[in-house]
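>>> how would this look folded up:
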Amino acid sequence: MNKLQAMEVFVQVVDAGGFTRAAENMKLPKATVSTLIQALETSLAVKLLHRTTRHVSVTADGAAYYERCLRILSDVREAEESLSRTRLSPSGRLRVDAPTGLASDVIVPALPQFFELYPDIQLELGCSDRPVDLVEEGVDCAVRGGALGDSSLIARRVGILQFTTGASPAYLERYGRPAHPNDLLRHRCVNYFSARTGKIFDWDFTRDGERVQVALPGHIALNDSNAYIAAGMAGLGIVQMASFMMEPLLRDGRFEIILNDWVSDPLPIHVVYPQNRHLSAKVRVFVEWVAELFSNHPGMRLPKMTARAPSFEVAL
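Numbers count the residues shown, from 1 in each chain. Have a look, this model is predicted:
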């Protein structure tokens, strides 16, 4: 038995909550995962996992062994990377998740530069506006916009999202142009709701010390950025979206800015990853690359005082 491989498999089973998911994440046959765990338990003469037909849970001995395995595997990886960092580029599969708009409009167009720097990384980029469970779904890191709600993750702030309010020319011709945020209550607006909680987001505006926050009644609400843009272009109502997504639509005349003397609160962009995982070289270089990419984007760069010094924080 390869003891280090068995430790890695054991950690994956505990993190994923089962043999099937761990096997998928490690791209191993389920029988191999089961055999390695049995061999590990035999060599240690302890039971590490409780198994039922539907669930796998860790025993008290298994929980203690799990914590030791995390430290040992982290030390091994750090030792290997310290020796190879100067002569080898990061390599292997890297699974990342990002919101649809950020992925399609900002990250994907810049990926040729990433692969020029790191040709040995095989990137799997999941694109959706739903929150993913990084451990359950085998994701190494995720780019997330807005407030963070998972306290088990480590987060690095890499940018901000600025917002613009606008509408299609057809909508404005039919319904007129609001002059004040409170006028939106008499208009049709396209709302956006959280894929995690189902809560519809309020709209907020600030101008010269005056602040307005409104919950807008709407006849349609969406939780996907592409569908949200399509609703606005179809004339279903006024929209408020990330400025980097609105800008090309303004240039080609599909949207017009409204309330342009009002500013909406920006939202932070983070890269998050599990706090019990060693930050591998491939994850580290991707995080640094994304931070640099966003720092050069006019609609997402952090203020100068924080852009140069990376900040890590536990998600609250």
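>>> confidence score at the residue of the chain most remote from its centre?
The outermost residue of the chain relative to its centre, with distances by Cα atoms, centre = their mean, is A45 at 40.6 Å. If you check A45, the pLDDT there is 91.
>>> S151 now?
So, for S151, pLDDT stands at 64.
>>> same check, this time on L267
87.
>>> Report the contact partners of it.
145-147, 160-161, 163 (Cβ atoms under 8 Å, 6 or more residues apart in numbering). (Glycine included, C-beta is placed from N, CA and C.)
>>> taking these one by one, which sit in helices?
Mapping the contacts of L267 onto helices (DSSP state H) picks out no residues; all lie outside.
>>> which two in these are spaced the farthest apart?
Using Cβ to Cβ, the pair of the contacts of L267 lying farthest apart is A147 and F163, separated by 14.6 Å.
>>> Under the pLDDT cut-off, which ranges of this structure? List them.
Counting by pLDDT under 70, the ranges of the chain that qualify are 1, 53, 81-88, 149-151, 276-279, 302-316.
>>> State the distance from G198 to R130.
Separation of G198 from R130 (Cβ to Cβ, to the nearest Å) stands at 12 Å.
>>> who has more neighbours, these two?
R130 (13 against 9; other Cβ atoms under 10 Å).
>>> which of the contacts of L267 tops the neighbour count?
Neighbour max across the contacts of L267 (other Cβ under 10 Å) = L161, 23 neighbours.
>>> Show the contacting residues for that residue.
145-146, 242-244, 266-269, 299-300.
>>> go with 7 Å
Contact partners of L161, counting by Cβ atoms under 7 Å, 6 or more residues apart in numbering, are 145, 242, 266-267, 269, 300.
>>> Check D133 too.
Applying Cβ under 7 Å, 6+ apart, no residues contact D133.
>>> the strands in the stretch 1-150 of the chain, which residues?
49-51, 56-58, 92-98, 121-127, 141-145 (DSSP state E, counting those that start in this stretch).
>>> list the buried ones in the second one?
What that stands for is strand 56-58. 56, 58 (16 or more other Cβ atoms under 10 Å).
>>> out of all of them, which helix in this protein is the longest?
From DSSP H, the single longest helix across the chain is helix 60-84.
>>> Tell me how far stretch 54-63 lies from the chain's centre.
In terms of Cα atoms, centre = their mean, to the nearest Å, the centre of stretch 54-63 is set 29 Å apart from its chain centre.
>>> Just the C-alphas of it, formatted as CSV.
Presented in CSV, the C-alpha positions along stretch 54-63 are these (Å, rounded to 0.1, in the frame of the first residue of the first chain):
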residue,chain,number,x,y,z
ARG,A,54,-26.4,5.8,2.2
HIS,A,55,-23.8,7.7,4.4
VAL,A,56,-20.2,7.7,5.4
SER,A,57,-19.1,9.4,8.6
VAL,A,58,-15.8,9.6,10.4
THR,A,59,-15.1,7.9,13.7
ALA,A,60,-13.4,9.6,16.7
ASP,A,61,-10.1,7.9,15.8
GLY,A,62,-10.8,8.8,12.1
ALA,A,63,-11.3,12.5,13.0
